[in-house]
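Trainee: build me a model from this:
(one chain, ligands or ions: 1)
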Amino acid sequence: MFLHGTSSVNDKGHLEIGGVDTLEIVKEFGTPVYVYDVALIRERARGFKETFDKLGVKAQVAYASKAFSTVAMIQLVEQEGLSLDVVSGGELYTALAAEFPVEKIHFHGNNKSREELAMALEHEIGCIVVDNFHELKMLEELCREKEVKANILLRVTPGIEAHTHDYILTGQEDSKFGFDLQNGQAESALKIGIHSDFLNLLGIHCHIGSQIFETTGFILAARKIFEKLNDWKETYSYEVKVLNLGGGFGIRYTNEDAPIPASQYVDEIIQEVKEQAKIFDMEIPEIWIEPGRSLVGDAGTTLYQVGSRKEVPNVRNYLAVDGGMSDNIRPALYEAKYEAVLANRPLDEVEETVSIAGKCCESGDMLIWDIPLPRAGKEDVLAVFCTGAYGYSMANNYNRIPKPPVVFVENGQVTLVVRRETYADLVRHDLPLKVKAQNK
Ligand SMILES: *Cc1c(COP(=O)(O)O)cnc(C)c1O
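Mentor: Residues are numbered from 1 along each chain as shown. Purely as a prediction, here's the structure:
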């Protein structure tokens, strides 16, 4: 059994996280419930920050809050001194509700609305990562109207796509995001940026993928960008202050995944940037990175009550739990894999291979295929590990299933940070048919 962070088996033989017995959490908050190991989030955050500090480079580590955005999480991000990425008015609103320092908020997205941009300007957030010409124009107009100057980065697509264990080099990248670096679009955008009285072009951003396990993709992206930076320095006398290399650092979901430590990503990225700056005789820019999954992914565990069981002789045994694709859509969406144990008896011997089904009316609603477990039944609690990123944040009300609560655990303390949705919450926005006053 692989245990992350502060997870352990206590003297009652139960799974414990953050010094709290998971069965006590179930007793108090019911199931399903998301449990976050706060100490592990802090450890991950420090892992990134300390490497930059040690190597003496100017940097910002921005938590990509789309991975898991709630007020308490954002307060934790502030405590750890990170910056914050948001990708919508809703995520920005959440950050503001958490009173996150606005100057450390960066706004992403390939189709920000005029209202969202206005909101960003009104709250004077640190930086807007401009994705396309439409946005560039709209932002400039808004700044002109409001007589303000916005800090921006330009998102470029360097023609490198990283996928887990390999990367793909493409001349023209077929992506909905960013200005193409090769075909001149990035340069056109740059010209607009540097000549505008209302935009302060801090530098360049790129994000090459997700769940990446090596540094080659980041290094190749940095090289491609520096080649262009050198051209732009010669042509426009423009030098970037900031180079943002995005997120996507991989984590261990199952033993098929072998992540490298944060320090290694950071270290190798910094070495390459220093090397490139030296080759082209440029100042070393500030390096920004944007981890999402790698800050919260393995800190999250979902607890479910086991329910029905279906045995298909000579084919497969199904064990159903009281959640599913409504609280974790990643297996259905990406064929994502997870590990799990019985929280009430994690050390019991494995007796069978079962598949964990959700309770939604959808054959694709499976959480785990073929996992070895003790023979489990309705008195058991299943703990699925590594659900901290893109679990709650992608949760939905399919089948009108209320979203589970979120609790933080740390040093033996449990804090409820998102309450369970109620049935009343589900109909909160529903309006009745207008009944015509016919017979009056
Ligand atoms: C999603 C995203 C991230 C974070 O990705 P992770 O895989 O969660 O680390 C960072 N930057 C941008 C621009 C993103 O879209």
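Trainee: how about low-confidence regions in this protein?
Mentor: 164-172, 437-440 (pLDDT under 70).
Trainee: touching the ligand at all, stretch 192-208?
Mentor: Yes: interface with the ligand: stretch 192-208 contributes residue 207 (C-beta under 6 Å from any ligand atom). (Glycine included, C-beta is placed from N, CA and C.)
Trainee: start to end distance for that stretch?
Mentor: Length of stretch 192-208, first residue to last, C-alpha to C-alpha, to the nearest Å: 24 Å.
Trainee: again with stretch 103-114
Mentor: Using C-alpha to C-alpha, the two ends of stretch 103-114 sit 20 Å apart.
Trainee: any idea where the strands of the stretch 251-400 of the chain begin and end?
Mentor: Remark: strands assigned in the stretch 251-400 of the chain by DSSP state E, counting those that start in this stretch are 286-289, 300-312, 316-321, 340-342, 352-357, 366-373, 381-385.
Trainee: same for the fifth one, what does it pack against?
Mentor: If contacts are counted by 3 or more C-beta pairs under 8 Å, 6 or more residues apart in numbering; DSSP states H and E, strand 352-357 sits against strand 316-321, strand 366-373.
Trainee: quick revisit: would TSV of the strands of the stretch 251-400 of the chain with mean neighbour count and distance to the ligand be doable?
Mentor: Supplementary listing: these in TSV, determined by neighbours: other C-beta atoms under 10 Å; distance: least, C-beta to the nearest ligand atom, whole Å:
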stretch	mean neighbour count	distance to the ligand
strand 286-289	23	8
strand 300-312	20	13
strand 316-321	20	25
strand 340-342	22	22
strand 352-357	18	24
strand 366-373	19	20
strand 381-385	25	17
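Trainee: would JSON lines of those with distance to residue 424 be doable?
Mentor: Formatted as JSON lines, those follow (distance: least, C-beta to C-beta, whole Å):
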{"stretch": "strand 286-289", "distance to residue 424": "42"}
{"stretch": "strand 300-312", "distance to residue 424": "22"}
{"stretch": "strand 316-321", "distance to residue 424": "24"}
{"stretch": "strand 340-342", "distance to residue 424": "31"}
{"stretch": "strand 352-357", "distance to residue 424": "28"}
{"stretch": "strand 366-373", "distance to residue 424": "27"}
{"stretch": "strand 381-385", "distance to residue 424": "27"}
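Trainee: once you drop chain neighbours, what's closest to residue 103?
Mentor: residue 126 (4.5 Å; C-beta to C-beta, 6 or more residues apart in numbering).
Trainee: next, count neighbours for that neighbour.
Mentor: Residue 126 is flanked by 18 other residues according to other C-beta atoms under 10 Å.
Trainee: picking up where we left off before, same list (the helices and strands packed on strand 352-357) but as a markdown table, adding distance to residue 435.
Mentor: Putting the helices and strands packed on strand 352-357 into a markdown table (distance: least, C-beta to C-beta, whole Å) gives the following:
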| stretch | distance to residue 435 |
| --- | --- |
| strand 316-321 | 40 |
| strand 366-373 | 42 |
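Trainee: nearest to residue 299, out of those?
Mentor: Minimum separation from residue 299 across the helices and strands packed on strand 352-357 (C-beta to C-beta) falls at strand 366-373, 18.7 Å.
Trainee: can I get that closest one in PDB? Just the C-alpha atoms.
Mentor: Extracted in PDB, the C-alpha atoms of strand 366-373 (Å, rounded to 0.1, in the frame of the first residue of the first chain):
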ATOM      1  CA  MET A 366     -16.500   3.700 -13.200                       C
ATOM      2  CA  LEU A 367     -13.900   4.900 -10.800                       C
ATOM      3  CA  ILE A 368     -11.400   2.100 -10.900                       C
ATOM      4  CA  TRP A 369     -11.100  -1.000 -13.000                       C
ATOM      5  CA  ASP A 370      -9.600  -4.200 -11.600                       C
ATOM      6  CA  ILE A 371      -8.200  -3.300  -8.200                       C
ATOM      7  CA  PRO A 372      -7.100  -5.900  -5.700                       C
ATOM      8  CA  LEU A 373      -9.000  -5.500  -2.400                       C
END
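Trainee: so which residue of the stretch 151-300 of the chain comes closest to the ligand?
Mentor: residue 292 (2.5 Å; C-beta to the nearest ligand atom).
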